[in-house]
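K.L.:
Model the following, please.
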Amino acid sequence: MPINTTERKDRDIEISIIIPTYNKFPQNLLTLYSIENQHFDLSKIEVIMIDDCSTDKTKTLVNRNFPFRFILLRNMKNRGRPASRNRGIKSASGKVLLFLDAEILVPPDFLKIHYDYHQQHPQLVLTGIMCIRKLYSVLYPDFSQDQLMECKQVAGKLSEFKMKFTRFEKNPAVICLIDKMHISSGMYTSLSVQSPYERFYRRTIIANYGYDLKGYRLPWQLFGTGHVSVSRKAIDQVGMFAEYPGYGWDDLEMGYRLYRNGAVYLSDKNLISYHQEHPVSNTIQDESKRNYYKFQETYREIDQMIISLTFLPKPFNLHEVNQILINYQNLCKQYPDRFHLVKRTFQNMLVQIGLLVRDNRPVSNLIQPTLGKKEYSALVNEKNELKKLEKYRTFMRCFNRLWHLKKT
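P.N.:
Modelled structure (predicted):
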């Protein structure tokens, strides 16, 4: 286990930054430069980078000198991101664990914000996932056309970057647009644009619940390991990441476990970070669908499965899903011994959505054909009774939309 630093006592480490990486050089080096640039005592942090059997120059990072404890762990075979994070957790000494993607650049106040919040809230999860912007730091020949067009537009703002892009167009090859100087000066931010995810979160979550997420009952889905921190104690209480294969949902499964264990979720308007754009595999969407189904089947709880409503042909957004959940939970609290068929049918429809999405089948015909005539008639009666109770209209609109989904 090579360590590129002078020895320090483990008890002095306040924050362990855990970064899995796979073939992300030189972007992972740029990320380390941004951590160098922090307004924080770097003797109190460690960066644990787990190289998941990369074939690029990532292994050479161990030969560089950083002003913080830097540990580079190398997997002998590709094990995936959750297994790599787990290895990082086992090696970590910090009281706070901060998970970061290898290609995320962070501004100088990044560590101080995380540290200050954790001093005030011992059961905290601090998420920065809602404020991640897109940034073009490296040009890749296998960028999509949309990426190339967007990069050309942002690079054209300054002559230095425009010249590099022009050279790239004439001879497509991997070219770094920025270096350490651009990061220390903050000039790199001129190559950033607002991401669709940032726009979405601002419109649906921040606008309705603020950065303190007050009233938001699905905060666990903001446990995105691209940028999130949690206390070591909280992780020790719930255990390691579920090692799902491929891409997606292992982080949200951890977020859900933490939420069930009493974690408080917050964000901050200053927790801005920058995702360095890179080519994206076409397989990750299918992997994510399969992993969602694993997650669903692990718990089968309403406050978890209700996220299936975002997978519909005409999806509900997260604000709408939260309002449906609140309305449904109020129904269950007010009438614990009534409307059993409606409740059971709603849960079964959510399960069915996850299964259909996993198998890439149309989300339709969610009412189970096994319902007998008597049971079906009783279900219709319960629906009609609920319709008369006007305070459950939000839930019933959702229920009826699922009920009427037909094959097209």
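K.L.:
so how far is residue 161 from the closest residue to residue 180 other than its chain neighbours?
P.N.:
Nearest residue to residue 180 in three dimensions, chain neighbours excluded: residue 33, at 4.8 Å (CB to CB, 6 or more residues apart in numbering). For the C-beta atoms, the positions are set from N, CA and C on the backbone; glycine is no exception. Per CB to CB, to the nearest Å, residue 33 is found 17 Å from residue 161.
K.L.:
same check, this time on residue 339
P.N.:
Taking CB to CB, one finds residue 339 at 60 Å from residue 161.
K.L.:
likewise residue 144?
P.N.:
Distance from residue 144 to residue 161, by CB to CB: 19 Å.
K.L.:
Which of these two has more residues huddled nearby?
P.N.:
More crowded of residue 144 and residue 161, by other CB atoms under 10 Å: residue 161, with 22 against 12.
K.L.:
got the contact list for the nearest residue to the more buried one once chain neighbours are set aside?
P.N.:
Counting by CB to CB, 6+ apart, residue 155 is the residue found nearest to residue 161 once chain neighbours are left out, at 4.1 Å. Contacts for residue 155 (CB atoms under 8 Å, 6 or more residues apart in numbering) come out as 136, 161-162, 164-165, 177, 191.
K.L.:
Start and end of stretch 49-69, how far apart?
P.N.:
The straight-line separation of the ends of stretch 49-69 (CA to CA, to the nearest Å) is 11 Å.
K.L.:
Let's test this: mean pLDDT of that stretch, rounded?
P.N.:
Mean pLDDT, stretch 49-69: 96.
K.L.:
What residues sit buried inside that stretch?
P.N.:
Neighbour-count burial for stretch 49-69, with 16 or more other CB atoms under 10 Å as criterion, is recorded at 49-52, 54, 58, 61, 68-69.
K.L.:
Those residues in strands, which ones?
P.N.:
The strands, defined by DSSP state E, take in 49-51, 69 from the buried residues of stretch 49-69.
K.L.:
Out of those residues, flag the one nearest to residue 104.
P.N.:
residue 49 (12.4 Å; CB to CB).
K.L.:
sec struct for the nearest residue to the closest one once chain neighbours are set aside, please.
P.N.:
The spatially closest residue to residue 49, leaving aside those adjacent along the chain, is residue 19, at 4.7 Å (CB to CB, 6+ apart). Following DSSP: H, G, I helix; E, B strand; the rest coil, we place residue 19 in the strand state.
K.L.:
wait, residue 19 sits on residue 27?
P.N.:
No: Residue 19 is beyond contact range of residue 27, at 11.1 Å (criterion: CB atoms under 8 Å).
K.L.:
Now the common contact residues for those two.
P.N.:
residue 102.
K.L.:
okay, the two: which has more neighbours?
P.N.:
residue 19 (26 against 22).
K.L.:
show me the residues around the more buried one that make contact.
P.N.:
Residue 19 touches 28, 31, 47-50, 88, 99-102, counting by CB under 8 Å, 6+ apart.
K.L.:
if we can go back for a sec, so which of the buried residues of stretch 49-69 is the closest to residue 371?
P.N.:
Distances from residue 371 to the buried residues of stretch 49-69, taken by CB to CB, are shortest for residue 52, at 47.3 Å.
K.L.:
What sits closest to the closest one if chain neighbours are left out?
P.N.:
For residue 52, the spatially nearest residue (CB to CB, 6+ apart) is residue 22, at 4.3 Å.
K.L.:
count of residues packed around that neighbour?
P.N.:
Neighbours around residue 22, by other CB under 10 Å: 20.
K.L.:
Residue 243 sits in which helix or strand?
P.N.:
If you go by DSSP states H and E, residue 243 is not part of any helix or strand.
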